[in-house]
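Coordinates for the following, if possible.
(4 chains)
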There are 2 protein chains.
Amino acid sequence: MDANVSAIGRHMKKRRAERGWSLSRTADICGVSKAMLGQIERGESTPTISTLWKIASGLQVPLSQFLVPEGLALQRMEAMPRHHDASGMIVTPLFAFDPVLGFEMFAIELLQDTLSESAPHAAGVVEHLVVLEGRMELFVDGGWQALSAGDAVRFPADQPHAYRNRNPEPAKIHDLIHYPFSG
Amino acid sequence: MDANVSAIGRHMKKRRAERGWSLSRTADICGVSKAMLGQIERGESTPTISTLWKIASGLQVPLSQFLVPEGLALQRMEAMPRHHDASGMIVTPLFAFDPVLGFEMFAIELLQDTLSESAPHAAGVVEHLVVLEGRMELFVDGGWQALSAGDAVRFPADQPHAYRNRNPEPAKIHDLIHYPFSG
DNA sequence: AAGGAATGTGCGTTATAACGTACATTGCGC
DNA sequence: GCGCAATGTACGTTATAACGCACATTCCTT
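Okay, the predicted model is just below:
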């Protein structure tokens, strides 16, 4: 994560610069010592959420803004770990779960005669499928849905669900799993 | 703020209970000592964002969930982005923006010699690209990145950015745009 | 140049986040 | 009843977040 933490300082300095505030002035308004503000901006210490809240409030900036990943996160296809499931399902993580964004995303390849069953996720979890190539079937809400390339489907995943491919051609899909914001 | 901080412990305990995890198990998975987890749940200490991140990550819960007042689930969905349909760019919406989920997703096809420039989005907006077919280039952080099929990239979109395809074969990509929750 | 005010950083101290271990309590099988 | 494992809490220690103050540097103004 720590790339993420180090970004807080830069975000903060940027916002402060936008307002043209000095460390001292910012310290007065936020109620945080200017020494601490300086250290945070330089990445020399990681604030508690309590002080981060004070800072965000003082700068009148949404707190989540500080937590957004900064800089570009590029992942090359060749460098991606692949996970071969016993059942003929090849899973490649595209974007790892990030607590700020609230989702993770996989590329999945279903070989011929593959069946993958999933236990229900936690309440509020929503899955999104986009079929890239081939055909497949999705079991959800008690029935099988036939999907082919180009189709996109969103369904609540807090219930039993399954994927299968009964065709000779492998099916390639994207699977985005979104975890709930509040419960 | 402190009403907000005290809510962190309750949120946390709730998530942990949902998964049926003990403090010890949660400590192992999150990489945070169970003593600390207990103190946080009881509101006896306010975690640093670093440890809060570990906890959120381990529980697979959006970090913002801990920070938002309990019971509030709605964000303003102002700032739905506009697409300039540049010539040679074909945009197909896959998932429309949903204020609960906080993102939208498009399939984009870039024909030969297509250049699409985007103005900066609002602060905190994060874009995710996955290249499905062909090759393309992404301009971000002041430089061009060459991408080819299978590559996945995440970048902050609150800055000028652009896509282009200078190859004869069309490039197909998925574009996921995530909007921050505002505090 | 020289003085003064404002800036950001360094230092020593205090408060507390975080850890590891030991303890009390509960629940379950025999 | 008696172990016995698992749970969450209390304690002592270490690491570090946060503070206040002093210092060096830059930027004005004279």
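
Which residue ranges of chain A form strands?
Applying DSSP state E to chain A gives strands spanning A:73-75, A:83-84, A:89-98, A:103-110, A:114-118, A:126-133, A:135-140, A:143-148, A:152-156, A:161-165, A:171-178.

Tell me which of the ones you listed approaches DNA strand C most closely.
Within the strands of chain A, the stretch nearest DNA strand C is strand A:89-98; the backing value is 19.2 Å (Cβ to the nearest atom of the strand). From N, CA and C alone the C-beta is placed, and that goes for glycine too.

mind listing what residue A:112 touches?
The neighbours of residue A:112, taking Cβ atoms under 8 Å, 6 or more residues apart in numbering or on different chains as the test, are A:88, A:165, A:166, A:167, A:168, A:169, A:170.

Quick check: of those, which has the highest neighbour count?
residue A:165 (23 neighbours; other Cβ atoms under 10 Å in any protein chain shown).

Let me know the pLDDT of that one.
Residue A:165 carries a pLDDT value of 93.

how's chain A carved up into domains?
Chain A resolves into domains spanning A:2-67, A:77-178 when parsed by automatic domain parsing.

Turn those domains into TSV, including distance to DNA strand D.
Listed next are the domains of chain A as TSV, based on distance: least, Cβ to the nearest atom of the strand, whole Å:
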stretch	distance to DNA strand D
domain A:2-67	3
domain A:77-178	17
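
So for residue B:66, which of these sits nearest?
Proximity to residue B:66 (Cβ to Cβ) singles out domain A:2-67 among those, at 7.8 Å.

Figure out which of the domains of chain A is closest to residue B:50.
Of all the domains of chain A, domain A:2-67 sits nearest to residue B:50, with 4.5 Å by Cβ to Cβ.

Any idea how many residues pack against the residue nearest to residue A:42 when sequence neighbours are not counted?
Take residue A:42 and drop its neighbours on the chain: the residue closest to it by Cβ to Cβ, 6 or more residues apart in numbering or on different chains is residue A:9, 6.2 Å away. A total of 21 residues lie near residue A:9 under the criterion other Cβ under 10 Å.

Next, the contact list for residue A:9, please.
Contact criterion Cβ under 8 Å, 6+ apart gives A:40, A:41, A:42, A:43 as the residues in contact with residue A:9.

most surrounded residue in those residues?
residue A:40 (22 neighbours).

per-residue pLDDT, it?
At residue A:40, the predicted lDDT confidence score is 92.

Same question for the one 10 residues further on.
Confidence at residue A:50, expressed as pLDDT, is 89.

can you check residue A:110 too?
With respect to pLDDT, residue A:110 has a value of 91.

Need the nearest residue in space to it, chain neighbours excluded.
The shortest distance from residue A:110 to any residue other than its chain neighbours is 3.9 Å, reached at residue A:165 (Cβ to Cβ, 6+ apart).

How about residue A:139?
Counting by Cβ to Cβ, 6+ apart, residue A:162 is the residue found nearest to residue A:139 once chain neighbours are left out, at 4.1 Å.

Residue A:144 too?
The spatially closest residue to residue A:144, leaving aside those adjacent along the chain, is residue A:137, at 4.9 Å (Cβ to Cβ, 6+ apart).

which stretches of chain A aren't confidently modelled?
A:1-6, A:68-87, A:181-183 (pLDDT under 70).

Need the single longest helix in chain A, by residues.
Longest helix in chain A by number of residues (criterion: DSSP state H): helix A:2-19.

the inter-axis angle of that one versus strand B:152-156?
30 degrees (axes from the mean of the first three to the mean of the last three Cα atoms, to 10 degrees).

Tell me the buried residues in helix A:2-19?
A:4, A:5, A:7, A:8, A:9, A:11, A:12, A:13, A:15, A:16 (16 or more other Cβ atoms under 10 Å in any protein chain shown).

Show me what from chain A comes close to DNA strand C.
Of all the residues in chain A, those in contact range of DNA strand C (Cβ under 7 Å from any atom of the strand) are A:22, A:23, A:24, A:25, A:34, A:35, A:38, A:41, A:42, A:48.

Sort out which of the residues you listed are in helices and list them.
Secondary structure of those is defined by DSSP H; positions in helices are A:23, A:24, A:25, A:34, A:35, A:38, A:41.

Looking at the residues you listed, which is nearest residue B:150?
Distance ranking of these against residue B:150, using Cβ to Cβ, places residue A:41 first at 37.6 Å.

OK, contacts around that closest one?
For residue A:41, the contacting residues are A:9, A:10, A:12, A:13, A:16, by Cβ under 8 Å, 6+ apart.

quick one: which of the residues you listed is nearest residue A:180?
Taking Cβ to Cβ as the measure, residue A:180 sits nearest to residue A:12 out of the contacts of residue A:41, at 28.9 Å.

Find the nearest non-adjacent residue to the closest one, please.
residue A:41 (5.6 Å).

In this structure residue A:65 contacts residue B:124, no?
Yes - because the distance of 4.7 Å satisfies Cβ atoms under 8 Å, residue A:65 is recorded as touching residue B:124.

Identify the contacts common to these two.
A shared contact of residue A:65 and residue B:124, defined by Cβ under 8 Å, 6+ apart, is any residue touching both; here these are residue B:180.

Is the spatially closest residue to residue A:167 that is not a sequence neighbour bridged to anything, and to what?
If the residues on either side of it in the chain are set aside, residue A:167 comes closest to residue A:135, at 5.4 Å by Cβ to Cβ, 6+ apart. Beta-bridge pairing of residue A:135 under DSSP bridges involves residue A:148.

Check whether residue A:135 really touches residue A:165, as I assumed.
Yes - under the criterion of Cβ under 8 Å, residue A:135 makes contact with residue A:165 at 7.2 Å.

Give the residues shared as contacts by the two.
In terms of Cβ under 8 Å, 6+ apart, residue A:135 and residue A:165 are both contacted by the residues residue A:171.
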